[in-house]
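Student: dropping the sequence and predicted coords here.
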Protein chains: 4
Amino acid sequence: MRKLNRLNVALIGRGFMGRSHSNAWSQVNKFFQAPLPVVMHTIAGRSGSAPTEFARTWGWQNAASDWKKVVASDDIDLVDIVTPNNWHAPMAKAAIAAGKPCACEKPIAGTLKEAREMAQAALKANVPTFVWFNYRRVPAVALAHQMVKAGKIGQIRHVRAFYLQEWAGPDVPLAWRFDKKLAGSGAHGDLNAHIVDMTRFVTGEEITEICGAIAHTFIKERKLISGGAGGQIAAGLKSSKGMGKVTVDDAVLFLARFSGGAVASFEAARQATGNYNRNGFEINGTKGSLRFDFERMNELEYFDATLDRAVQGWTNIMVTNGATHPYVGNWWPDAHIIGYEHGFTNMAYDIILSLAGKKPTVPLPDFNDAYQTQRVLEAALISAGEKRWVKMSSVK
Amino acid sequence: MRKLNRLNVALIGRGFMGRSHSNAWSQVNKFFQAPLPVVMHTIAGRSGSAPTEFARTWGWQNAASDWKKVVASDDIDLVDIVTPNNWHAPMAKAAIAAGKPCACEKPIAGTLKEAREMAQAALKANVPTFVWFNYRRVPAVALAHQMVKAGKIGQIRHVRAFYLQEWAGPDVPLAWRFDKKLAGSGAHGDLNAHIVDMTRFVTGEEITEICGAIAHTFIKERKLISGGAGGQIAAGLKSSKGMGKVTVDDAVLFLARFSGGAVASFEAARQATGNYNRNGFEINGTKGSLRFDFERMNELEYFDATLDRAVQGWTNIMVTNGATHPYVGNWWPDAHIIGYEHGFTNMAYDIILSLAGKKPTVPLPDFNDAYQTQRVLEAALISAGEKRWVKMSSVK
Amino acid sequence: MRKLNRLNVALIGRGFMGRSHSNAWSQVNKFFQAPLPVVMHTIAGRSGSAPTEFARTWGWQNAASDWKKVVASDDIDLVDIVTPNNWHAPMAKAAIAAGKPCACEKPIAGTLKEAREMAQAALKANVPTFVWFNYRRVPAVALAHQMVKAGKIGQIRHVRAFYLQEWAGPDVPLAWRFDKKLAGSGAHGDLNAHIVDMTRFVTGEEITEICGAIAHTFIKERKLISGGAGGQIAAGLKSSKGMGKVTVDDAVLFLARFSGGAVASFEAARQATGNYNRNGFEINGTKGSLRFDFERMNELEYFDATLDRAVQGWTNIMVTNGATHPYVGNWWPDAHIIGYEHGFTNMAYDIILSLAGKKPTVPLPDFNDAYQTQRVLEAALISAGEKRWVKMSSVK
Amino acid sequence: MRKLNRLNVALIGRGFMGRSHSNAWSQVNKFFQAPLPVVMHTIAGRSGSAPTEFARTWGWQNAASDWKKVVASDDIDLVDIVTPNNWHAPMAKAAIAAGKPCACEKPIAGTLKEAREMAQAALKANVPTFVWFNYRRVPAVALAHQMVKAGKIGQIRHVRAFYLQEWAGPDVPLAWRFDKKLAGSGAHGDLNAHIVDMTRFVTGEEITEICGAIAHTFIKERKLISGGAGGQIAAGLKSSKGMGKVTVDDAVLFLARFSGGAVASFEAARQATGNYNRNGFEINGTKGSLRFDFERMNELEYFDATLDRAVQGWTNIMVTNGATHPYVGNWWPDAHIIGYEHGFTNMAYDIILSLAGKKPTVPLPDFNDAYQTQRVLEAALISAGEKRWVKMSSVK
């Protein structure tokens, strides 16, 4: 990799994640003292027309219509991909082929095969890659990782992870998210991907076996959307009376074992009424425990079982202290809390550090790391489908 | 059953549960306007010596050494059993044979076979029976039952139930609770029994299938206790260096489906650091959700999804309002909270109501009901052992 | 005082507090290993008729119609008073005159003058006295006292105390509680009395100055109750249209200074919608802080500012550990929580310890102690009435 | 005021608030559809040198050394002031004199006299003015305002407001914040200013009387800082041994009455151990109650006393629903929470709306509004100093 004195970023795609990444690249220069200044060089569409309006709003210097040219351009130092999942593999492989460092949204790919190919391509070409598991960069989650690594929890016995949402009621029409061909899976790839990565990251352990799983679709038919993406999706899924078939899961639960001996449960759901974005975990170890809930993302709960028993309890740590907590010193004074988007900016900073040859604040997930998470998701679906336990070693 | 004008109770057994039941029978006359006055007639031991000291402390009028005579005595109107699990079946069957209403501690029996026999005997003899699933009588849990029944939650989609404790660290010696012959199982029968009953009670649904399970023992050897009960237990379990084998589970997790279509997870654990007695559930339905945690047993969290969206949220109901909440009017003014033992007194009151031909505040579990819970526990162990799903219809 | 081998208790009065005390005397023998067995000897009325029904329900051996004879009887070892506030002084003085240890409900008296006379009489006669500030015996509050005493909080800087209720809406009629002649004051004597005592107890400091106060009555007229106590009350308070004047406060707030230099705020309210029985405090010191809320009375929040900054936070201590927390070992296992009534039983135990010549678990308030609390309440009313600061040394 | 087709902003000052404002002006174009595009035209220093580095980091097009020229320039459409408090008045008056809309950080001025003059100048010149009470633009606080206005709380009875911090321990040296000449006051102007504004905003009522107050300085001497700002400050404050006198308060508490009849308490503190930035309120009305704590700024607690009593309780509203909650639709999906800085961006948007002749989301505070808040702060200090109640009508 050549030595850089600035980082020209090209973003491919827009949408919700396009906003999150654009904001991250825009904010990182302002709040962080990065070793390389970021240049928001080019935003590229994939539909043939250049996203000039988006470029103007977010401060991208150029808007391009042909992502292949952008990826190949000498002006670009980092390719950042936020397109739908089925586009990740071709784009990322093109970037790797061009020797370009590549950052990709999660889940890494639409299928396990693609994920494996991406990971192998990156390893072979020795190109730095990154997957945007943004929750690793929430300061409380990064602190949890550091505390486990420092031995504060002891040997891990129990892991409970959950990502509960409620938006997918019966009135929500048949959008692309409910079509397996476009989305790969439902709550599983969207939500379980995050908590599998997060628990692997925090525990520092790998999942070794899936010990039962349920994949369930509560609402089996949804209203067709006429025209546009909706019309496209519905092809082949039409049933009677303007309704179409849902081909992905609404909820996936599974039980698992971790390499250090812990037993674990995972759950992703989209109809868990009352839970808007409850993404979190509880980890119990022989010396202590940790709890996290993204809806209160500035807080980490810690139970220190080594303290005098009379004063033991769950401690609510406001992870907002610039002097002692990761990332925080770049933002605001104590308890002037940060939000969802800051995880992305923190990650942008760590990507820059990494490309500048420095160590990121906490480990960054590369394509191979994300491929391991994808293997776990695949194993859970096999377990649910075949109604049996599945050893991770059998899933490639 | 003859018509009663007072209820002479005989208690068999002592220990932790002996205290809970004695307190309940003692308090019910004071705080409740029961249709029959309770008389604490006799406490019986099973070891040959009469528990006179215990009788004096708790106000039992008589202390007897032979439980068989007590069960058969015409003076006794209700037999209450709090002995170790393997004694439940013979005592309960003797009471039923004598035509005596019988209340038994949970789990109903040491084995599924015994539970089935007890349930069948009670049905055949048409004798009223009760099992002390005391958590049904926590006002917040009873309210949850009433709210689900009234349709406030809609169709149930998700059930999460947990009973987490932390006391069984490596320094705890090989007590009877760790010996399968005496205890039947570990956390499973002790803790999962409660949450299987509680979720069946609150949802009003039955579990139809177990979809994977883990039964795990973290600490496989414990220090032998010399002499007494400890010495007895260790017979046949001795290993090297003063250690003995643990033959029960430390933790059991399982996934399940309910008859109304909900997917569910259950977990019992004894080494979940930071969780002293975290016994609770979360239930998500199409119209709302409920959450309960026994460590804050006077509170029920309710999410009403039918309210104006701008003011929706989790509402913390202090279930302490005498005018509108079950049982509460018999205790103290609003928010003068009650504790663990009150669930037992509330249940004693409902048993009296039932024996007086009245309707209990909320449904009471009889032997057949407890047998259904026992079947679920058995099915979970089969699932864990054979690493596959298990249909409830296959477990008798 | 003669040496006792049992404690014959006489209770004068019934009502809400009569139940609380009867329960306490009934339970203490069962749950505690007291050095003297308690005998529930006599319950006495003050209206001329013996409370035989109450005696039977609660297990008092005798019901007497003449409290004066009871107080004077050689059979009685302790006189316990739960009558309305204006009866405390004559009864307590009679008990002291008879050389009888005397326990009295709070507030100690209807007027400051009576409180002072009671304190002086007790000191002069050297008779043990007790005032039922029951919240001192909530384990979490007792633990707070122990922690402050052990220096864990350092020098105290801030005290915030509150006792908020909501029951006194406009539909509540003109009961005796709203009549100054009968009740002395409104929320002030009923609620501020508790939190003044509790903060003096926990901090170990005295209030030295009142720095402003508001005493306010939101609802100035209430419906007259026809007949009975209500009719009695209304005499002299009648206004138009079946309404009568309220002559006590609905809310009293005041600011104060403590002897150790802390600044403090106090608030009692009866129309603080949403607060059923929110009785608590927050104390900030140079080394740490404590928070308590009676609605979660089994929990104490502790902030330890001496810990490593990265893991500092508010720790929720479940004050339910028998091995390390006060009183708890006599009740149930960890996190099997206790309720409102247990504070009274814990206090009954400490009274017995004290009368047996032993040290109570934490200090007991005697008449002189309660008189100091009464002085603070009086000073706050002066401050509110005269719209100025008031030095405690000026109030006798 | 001329009609604008873009808004050229000039910022005077830097520091913590300079960052907050720069971020707000930078983000508003990206996340909001404002009727006027914002141009970050000029950043001006007041020390004679142009802040070019700051301009480059934050994207200001120009860096100027002479604020007077900037204020007078035809290119500037809005003057935004973030200098120390004693500079607010001359700068704001210059802006008003030049006919320029002016936004000023809080507190509006160093003295009440200056605040009054600023308010009068703005009224006379009919120039739009704004004061950055940013907490009004936290969605939960804006929602509270809307709910009170819609009558959901009924008549307000109780207001409790607090702003507690803990940073000012004895090791913190004698910075400008501890010097009355530079800072005006301590916790009072810094923190009470916010909660006086916030409660006036949410209740829609004015404070009519101060009923007692304490202003206290716990740490009366602090270490001198040698050189720089520190050296400057210490002039005249030196005492012995390298220590200097603190001339501002550490904590100010006061009691008050609101125009609608509510009684209220306020507290600002800098040594309230365990409270990093606890800025909030509780308001009790006849129909319901509201609670807010900035440390969980995405949540508003609401008690609806008009609901069926059996399900009443405190409801935790996640104020993150784009469809129904103020400002939120411009940010992220539900429960993807926002942080401290977003209040400023939300306010920037409302300022633009206002200057474009549209109605802001919720009312904006102008100089006169901020002057009313300043009057309350002054009255509280008079009350504390003279140890008496103070009617607001007596303070101009």
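Tutor: Done, it's in.
Student: please count neighbours and contacts with C-alpha atoms only from this point.
Tutor: OK.
Student: residue A:27 and residue A:351, how far apart?
Tutor: Using C-alpha to C-alpha, to the nearest Å, residue A:27 is found at 14 Å from residue A:351.
Student: contact partners for residue A:324?
Tutor: For residue A:324, the contact set (C-alpha atoms under 8 Å, 6 or more residues apart in numbering or on different chains) comprises C:309-310.
Student: switch to 10 Å and redo it
Tutor: A:143, C:308-311 (C-alpha atoms under 10 Å, 6 or more residues apart in numbering or on different chains).
Student: how about the contacts made by the nearest residue to residue A:14 once chain neighbours are set aside?
Tutor: Once flanking residues are discounted, residue A:14 sits nearest to residue A:82: 6.7 Å by C-alpha to C-alpha, 6 or more residues apart in numbering or on different chains. By C-alpha under 10 Å, 6+ apart, residue A:82 lies in contact with A:11-21, A:88, A:103-106, A:132.
Student: pull out the buried members of the residues you listed.
Tutor: Using 16 or more other C-alpha atoms under 10 Å in any protein chain shown as the burial test, these include A:11-14, A:17-21, A:88, A:103-106, A:132 as buried.
Student: narrow those residues to those in helices?
Tutor: Within the buried ones among the contacts of residue A:82, residues falling in helices by DSSP state H are A:17-21, A:88.
Student: okay if I get those as CSV plus pLDDT?
Tutor: CSV is the format used below for those (pLDDT from 0 to 100):
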residue, pLDDT
A:17, 93
A:18, 95
A:19, 96
A:20, 97
A:21, 98
A:88, 95
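Student: from those, pick the one nearest residue B:372.
Tutor: Nearest to residue B:372 out of those is residue A:17 (C-alpha to C-alpha; 48.9 Å).
Student: quick one: the residue lying closest to the closest one once chain neighbours are set aside from chain B, how far?
Tutor: Nearest non-adjacent residue to residue A:17, counting by C-alpha to C-alpha, 6+ apart: residue A:82, 6.1 Å away. Look at residue A:82 and chain B: by C-alpha to the nearest C-alpha, to the nearest Å, they are 31 Å apart.
Student: and for residue A:216?
Tutor: Per C-alpha to the nearest C-alpha, residue A:216 is found 8 Å from chain B.
Student: quick one, what contacts that residue?
Tutor: A:186-187, A:248-253, A:269, A:384, B:261-263.
Student: same check on residue A:384?
Tutor: By C-alpha under 10 Å, 6+ apart, the neighbours of residue A:384 are A:210-216, A:252-254, A:390, B:211-212, B:389.
Student: could you give the average pLDDT over the host helix or strand of it?
Tutor: Secondary structure assignment for residue A:384, by DSSP states H and E: helix A:367-386. For helix A:367-386, the mean pLDDT works out to 97.
Student: next SSE downstream of that helix?
Tutor: By DSSP H and E, the next helix or strand past helix A:367-386 is strand A:390-391.
Student: give me the contact list for that next one.
Tutor: By C-alpha under 10 Å, 6+ apart, the list of residues contacting strand A:390-391 reads A:207-213, A:256-257, A:376, A:379-384, B:387.
Student: which residue does the stretch 101-250 of chain A have closest to chain B?
Tutor: residue A:212 (3.8 Å; C-alpha to the nearest C-alpha).
Student: let me know the outermost residue of chain A.
Tutor: Taking C-alpha atoms, centre = their mean as the measure, the residue most remote from the mean C-alpha position of chain A is residue A:310, 39.8 Å away.
Student: quick one: it is in a helix?
Tutor: Yes. Under DSSP: H, G, I helix; E, B strand; the rest coil, residue A:310 falls within a helix.
Student: which residue is the nearest non-sequential neighbour of it?
Tutor: Excluding the flanking residues, the one nearest residue A:310 by C-alpha to C-alpha, 6+ apart is residue C:324, at 5.3 Å.
Student: quick check, that neighbour in a helix?
Tutor: No. Inclusion of residue C:324 in a helix is not indicated when three-state DSSP is applied; the result is coil.
Student: so how far is residue C:330 from it?
Tutor: Distance from residue C:324 to residue C:330, by C-alpha to C-alpha: 12 Å.
Student: thinking again about what came up before, buried stuff in the helix holding residue A:384?
Tutor: Buried positions in helix A:367-386, judged by neighbour count with 16+ other C-alpha under 10 Å: A:367-384.
Student: same question, stretch A:212-221
Tutor: For stretch A:212-221, by 16+ other C-alpha under 10 Å, it's A:212-218, A:220-221.
Student: contacts only, for the residue positioned nearest the centre of chain A.
Tutor: In chain A, the centroid-proximal residue (C-alpha atoms, centre = their mean) is residue A:133; its distance is 3.0 Å. Neighbour list for residue A:133: A:104-108, A:193-195, A:197-198, A:343-344, A:347, A:364-366, A:370 [criterion: C-alpha under 10 Å, 6+ apart].
Student: restricted to buried residues, select those in ChimeraX.
Tutor: Here is the ChimeraX selection string for the buried members of those, based on 16+ other C-alpha under 10 Å:
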select /A:104,105,106,107,108,193,194,195,197,198,343,344,347,364,365,366,370
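Student: can you narrow the contacts of residue A:133 down to the ones near chain B?
Tutor: By C-alpha under 10 Å from any C-alpha of the partner chain, no member of the contacts of residue A:133 lies near chain B.
Student: quickly note the distance from residue A:289 to chain C.
Tutor: 13 Å.
Student: rewinding a little: between residue A:27 and residue A:351, which contacts overlap?
Tutor: Counting by C-alpha under 10 Å, 6+ apart, the contacts common to residue A:27 and residue A:351 are residue A:345.
Student: tell me how many other residues crowd residue A:123.
Tutor: Residue A:123 is flanked by 16 other residues according to other C-alpha atoms under 10 Å in any protein chain shown.
Student: my read: residue A:279 touches residue A:268, true?
Tutor: Yes. Because the distance of 9.0 Å satisfies C-alpha atoms under 10 Å, residue A:279 is recorded as touching residue A:268.
Student: more neighbours: which of those two?
Tutor: Higher neighbour count among residue A:279 and residue A:268: residue A:268, with 30 against 25, using other C-alpha under 10 Å.
Student: please name the residues that touch that one.
Tutor: A:161-165, A:186-195, A:215, A:249-254, A:278-279.
Student: got the angle for the helix or strand where it lies vs strand B:263-269?
Tutor: Element membership for residue A:268 (DSSP H and E) is strand A:263-269. Interaxial angle of strand A:263-269 relative to strand B:263-269 (axes from the mean of the first three to the mean of the last three C-alpha atoms, to 10 degrees): 150 degrees.
Student: tell me where chain A has helices.
Tutor: A:15-31, A:52-58, A:67-72, A:85-97, A:112-125, A:139-149, A:180-183, A:187, A:193-203, A:228-234, A:342-355, A:367-386.
Student: starting at the chain centroid, how far to the last one?
Tutor: What it means is helix A:367-386. Between the centre of helix A:367-386 and the centre of its chain there are 15 Å (C-alpha atoms, centre = their mean, to the nearest Å).
Student: what does the second one give?
Tutor: For helix A:52-58, the gap between its own C-alpha mean and the chain's C-alpha mean amounts to 25 Å (C-alpha atoms, centre = their mean).
Student: and that helix, what's buried?
Tutor: Those would be A:52, A:54-55, A:58, for helix A:52-58 by 16+ other C-alpha under 10 Å.
Student: just give me the closest of these to chain D.
Tutor: residue A:58 (6.0 Å).
Student: give me the pLDDT value at the nearest residue to residue A:98 once chain neighbours are set aside.
Tutor: Closest residue in space to residue A:98, ignoring its immediate chain neighbours: residue A:72 at 5.8 Å, by C-alpha to C-alpha, 6+ apart. Here, the pLDDT recorded for residue A:72 equals 96.
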